[in-house]
Structures are given as C-alpha cells and as structure tokens.
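In: Sequence plus predicted model, see below.
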Amino acid sequence: MKPAVDRIAAPGRGVTALYNVPAPAKINWFLHILGRRADGYHELQTVFQFIDWCDWLDFERNDTGAITREGGDGLPGDDLTVRAAQLLQRHAGCHFGVQIHLRKSIPMQAGLGGGSSDAASTLLALNRLWGLGLARSALQRLALQLGADVPVFIFGRNAFAQGVGEELTAVDLPTWPMLVAWPGQGVSTAAIFTSSVLTRDTPAVTISGFSAFVRLARAAKAEAGKVSKAEAEMSKAAKATKATKAGTPALRQVQSLVPGLDFGRNDLQAAAQVALPRMAQAGAWLLGQTGSGLVAMSGSGSALFSPCRPGLQEGLPPAPEGWRIRQCRALSRHPLAGWAAED
C-alpha cells in the first residue's frame, strides 16, 4: 500500500499538500438487523474489517477557502468528500480551502464502504492539512453526520459495532486473503432497507459472545493444524487434486485462515439478491474458485467475498463480462489509524 506523501511549500507554512492518501474498503463479518427505531433508522450489530482495496486521494491546500473536487467520474459535485470538507471547514471556522483529486477504484453501491471511506480519509487528511488538531472523538462525531458507516474509518480499528453502526468497540481480527467479486451492478441501500423480505428481529448478540466464538474457532484451528501437519507431506499438486475431489485438506486450510468468520449472517443478503438476482451467480462462482465453503455479502451489497489461498487470482478463469474480481487481504488496522490524536 503506497504511503501518503506530504508537501511543504515554504518554512512556516506547514504542510500544503497531501498525495496518495488511501481510503480502504471494508467488509462485514456479519450484519444483524435487530429492529427499526422510532426515527426510521435500524438498530444493527456487525463486525467491520478493513481490506486493502483502496480509493486514493490527493489534497492541495489553498488560501481562498474554495473547496473543489476533480476525478470520481459519475459522482455528484457535492459528493461525500466535498461534504466532509465543507462540514469540517464550518465546524472549525477554517479559512483554508482545498482542491481534492479522487481516484476511484472501489465500486459504488457495492457494500464495501467506498464513499464513507473517502469521506473519512478527507476528514483525517484535512484535519492535518489545515492544522486543526481535532481529536479522534471529535472527528467521529462529525463523521456520523455524513453517514452511519463513516465513523468506523475514523476509529481506525476493526470493530464490533452497534446502534446504527456508530457504537464501536475495537476487536483484534486476523489478516487473511480473500477473493472479492462485484457483479457489475450495485444495489441501493435505501431499497434494501425498505424491502418487504428484510427481517428486522434478529436477537442481539454480545461482543463477549462473538469473542468467545472466535476463541473457540481459533482453538479448532490449532487442532486442525495438528491434522494438517501429517497431510503436509503430500505434494502441493496432490493436495490440490484431493481437495478438488473430496474438499478436505485444502478446505480446512482455507477455513482455518479466518476463525470465527462463520459467526452469524448478513440479514440484508436475501433482500439484495431479490433486487439483483445475478448476485447468486456471483456467489456460486466465488465458491467454485476458492473452495472455502464460505461466501458472504458485505454491507448492503452487491459485492461478495470468500476466503481463499494467497495468489489464487493468478490462475482464475475469466469472470463474466462486466464483473470486477479482486484478490484482497484483510488488514489489522486502518492505514491512517495514526492520523488522529486521542482525547
């Protein structure tokens, strides 16, 4: 992942530009809808993890106060990056402006949080570029005004989330490889949350319950490791052939990469697949490539992910026209986690 680069124009003026600022995507290990609140929002529980599929942003400070954006074809002029910059400027009473250059890579309406991540990286970068010195908690409060998924990208840690997604508790999750498939079309979050097939009564779980499940899964992984030690004497080719026929050694190996991933479910997936039937085809295609036995939808869709062995993408057959397939790696923390001070 490319590091962000500062540019200092002259002594005493501080940082005047930031280049190659990453805005990583996220996935949801599970997403439970507990009910609908009186204000129309939904109570949910989920676990967020960042992945190394990123949008990239450049920021050039100006003294005029103007906020402009280029790049990001197809986005409205007041997209989340512009709105984030305007919100921060008003909040801080800042006289500086900024020229934003956005290089989109994460598909829109994919459930990967691309727009939310762009907004969060904008808040983090401009807090630094404009010399505001706001603490992480203050930036998170501003982030919530932009969307329920934005605060976790400011939080900087993989997190167990509750409320509308803003009540965050850090969790340590393993880094692991996955194959992500986006079937060439997005789905509207609003349409998913108003779908007649959406269930809104999943019982609440606890973070301690999730953590206990992950601990048990890790213990099972360790036990499986004892079994696979004997299997390691087989050649890689023989193991691959055997896994294709019987789905055993390689399947256990891939599943053991992510102990606890099979906790819960994504309650939005049924509604998303009704809205976009090709998602079922994408899920079947993923399972056929990874052999992991696990596939899940991220957020409100339409991207799906499946754990896989490293380097899998090099030997993949062509995907259907219009799809985007990417091998990614889950991250242990946000790449800009150190850009905001704690209270």
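Out: Perfect, I can see it now.

In: Please, where are all the strands along the stretch 1-150 of the chain?
Out: Here the stretch 1-150 of the chain has its strands, by DSSP state E, counting those that start in this stretch, at 5-8, 15-36, 42-62, 67-71, 97-103.

In: Break down this structure into its helices, ranges please.
Out: 80-92, 114-129, 136-144, 150-155, 189-193, 207-231, 236-246, 249-255, 269-275, 278-290 (DSSP state H).

In: counting contacts, what elements does the first one pack onto?
Out: Spelled out, that is helix 80-92. Applying 3 or more CB pairs under 8 Å, 6 or more residues apart in numbering; DSSP states H and E, one finds that helix 80-92 contacts strand 67-71, strand 97-103, helix 114-129, helix 136-144. The way it works is simple: take the backbone N, C-alpha and C, and place the C-beta from them, glycine included.

In: With the second one instead?
Out: Other elements packing on helix 114-129 under the criterion 3+ CB pairs under 8 Å, 6+ apart are strand 15-36, strand 42-62, helix 80-92, strand 97-103, helix 136-144, helix 150-155.

In: Likewise for the fifth one?
Out: With contacts taken as 3+ CB pairs under 8 Å, 6+ apart, helix 189-193 sits against helix 269-275.

In: got a list of contacts for the helix it packs on?
Out: Residues from elsewhere that reach helix 269-275 (CB atoms under 8 Å, 6 or more residues apart in numbering): 111, 187-188, 191-192, 195, 197-199, 279-280, 296-297, 300-302.

In: Can I get the helices of the chain in CSV including distance to A340 and mean pLDDT?
Out: Converted to CSV, these look like this (distance: least, CB to CB, whole Å; pLDDT from 0 to 100):
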stretch, distance to A340, mean pLDDT
helix 80-92, 12, 98
helix 114-129, 6, 98
helix 136-144, 4, 97
helix 150-155, 7, 98
helix 189-193, 26, 88
helix 207-231, 23, 76
helix 236-246, 44, 42
helix 249-255, 35, 51
helix 269-275, 33, 93
helix 278-290, 35, 94
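
In: May I see those helices organised as a markdown table, with mean neighbour count added?
Out: Output for the helices of the chain, formatted as a markdown table (neighbours: other CB atoms under 10 Å):
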| stretch | mean neighbour count |
| --- | --- |
| helix 80-92 | 20 |
| helix 114-129 | 27 |
| helix 136-144 | 20 |
| helix 150-155 | 27 |
| helix 189-193 | 17 |
| helix 207-231 | 14 |
| helix 236-246 | 12 |
| helix 249-255 | 20 |
| helix 269-275 | 20 |
| helix 278-290 | 18 |
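
In: before we move on, the earlier item: I'd like the helices and strands packed on helix 80-92 as TSV, with distance to A217 appended.
Out: Putting the helices and strands packed on helix 80-92 into TSV (distance: least, CB to CB, whole Å) gives the following:
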stretch	distance to A217
strand 67-71	41
strand 97-103	37
helix 114-129	28
helix 136-144	30
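
In: Between these, which one is closest to H32.
Out: Taking CB to CB, helix 114-129 is the member of the helices and strands packed on helix 80-92 nearest to H32, at 19.4 Å.

In: Please look at D172 and N158 and confirm they touch.
Out: Yes. Here D172 reaches N158: they are 7.3 Å apart, a contact under CB atoms under 8 Å.

In: Name the residue in these two with the higher neighbour count.
Out: N158 (24 against 10; other CB atoms under 10 Å).

In: I figured the more buried one was touching W176, is that so?
Out: No. N158 lies out of contact with W176 (CB under 8 Å); the separation is 11.9 Å.

In: V164 touches A148, doesn't it?
Out: Yes. Using CB under 8 Å, V164 is in contact with A148, at 4.4 Å.

In: Can you pull the residues that touch both of those two?
Out: By CB under 8 Å, 6+ apart, V164 and A148 have these common neighbours: Y41.

In: Can you name the residues that contact the nearest residue to V171 once chain neighbours are set aside?
Out: Closest residue in space to V171, ignoring its immediate chain neighbours: F160 at 5.2 Å, by CB to CB, 6 or more residues apart in numbering. Taking CB under 8 Å, 6+ apart as the criterion, F160 is in contact with 45-47, 168-169, 171, 207, 210.

In: that older thread, which one of the helices and strands packed on helix 80-92 lies nearest to L18?
Out: Going by CB to CB, the one of those nearest L18 is helix 114-129, 5.2 Å.
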